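A.B. asks: Got a sequence here, can you build the structure:
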Amino acid sequence: MRTGTVHYLAQQVSLRPDATVAELAGVQGVRDALKRIAAGSSAQADFDVVGARRDIEQQLGHALAQQGLQHLDASTPACALSGGEAIRVAVLPYTWIFRMRVTPSHEW
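C.D. replies: Numbers count the residues shown, from 1 in each chain. As a prediction, this is how the structure comes out:
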């Protein structure tokens, strides 16, 4: 018997018209928190959201490249993706490539 986690992902991804690859990949919240920190935020909530993912842009770029999507970046509009590309981006949060590429936490 196998054990593990099961995730549901619809065959078609529904997004707002202005959604980006970062939103589809589930990392927009981290990007937003990093922007607030760069602008001077000292809110603990922002640091909690970021955690050890200060290099989320590089992590996302690596994960996209591993999926053959190196022509995309975090700000690419999701509406510009084909259906297959959208699904491959949407499953990134569930892939070991994306989950395991986390930089060790250091002091800010």
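A.B. asks: Can you give me the distance of the residue nearest the centre of the chain to Gly61?
C.D. replies: The C-alpha lying nearest the average C-alpha coordinate of the chain belongs to Val27 (C-alpha atoms, centre = their mean; 3.3 Å). The span separating Val27 from Gly61 equals 11 Å under the rule C-beta to C-beta, to the nearest Å. C-beta coordinates here come from the backbone N, C-alpha and C atoms, glycine included.
A.B. asks: just Pro77 next, same as before
C.D. replies: According to C-beta to C-beta, Pro77 and Gly61 sit 17 Å apart.
A.B. asks: which one of those two has more residues nearby?
C.D. replies: Between Pro77 and Gly61, counted using other C-beta atoms under 10 Å, the more crowded position is Gly61 (16 against 13).
A.B. asks: hang on, the more buried one is in a strand, isn't it?
C.D. replies: No. When DSSP: H, G, I helix; E, B strand; the rest coil is applied, Gly61 is found to be helix, with no strand at that position.
A.B. asks: just checking, it touches Asp73?
C.D. replies: Yes. With contacts counted by C-beta atoms under 8 Å, Gly61 reaches Asp73, the gap being 6.8 Å.
A.B. asks: what comes up buried for stretch 20-31?
C.D. replies: Taking 16 or more other C-beta atoms under 10 Å as the basis for neighbour counts, the residues of stretch 20-31 that come out buried are 20-25, 27-28, 30-31.
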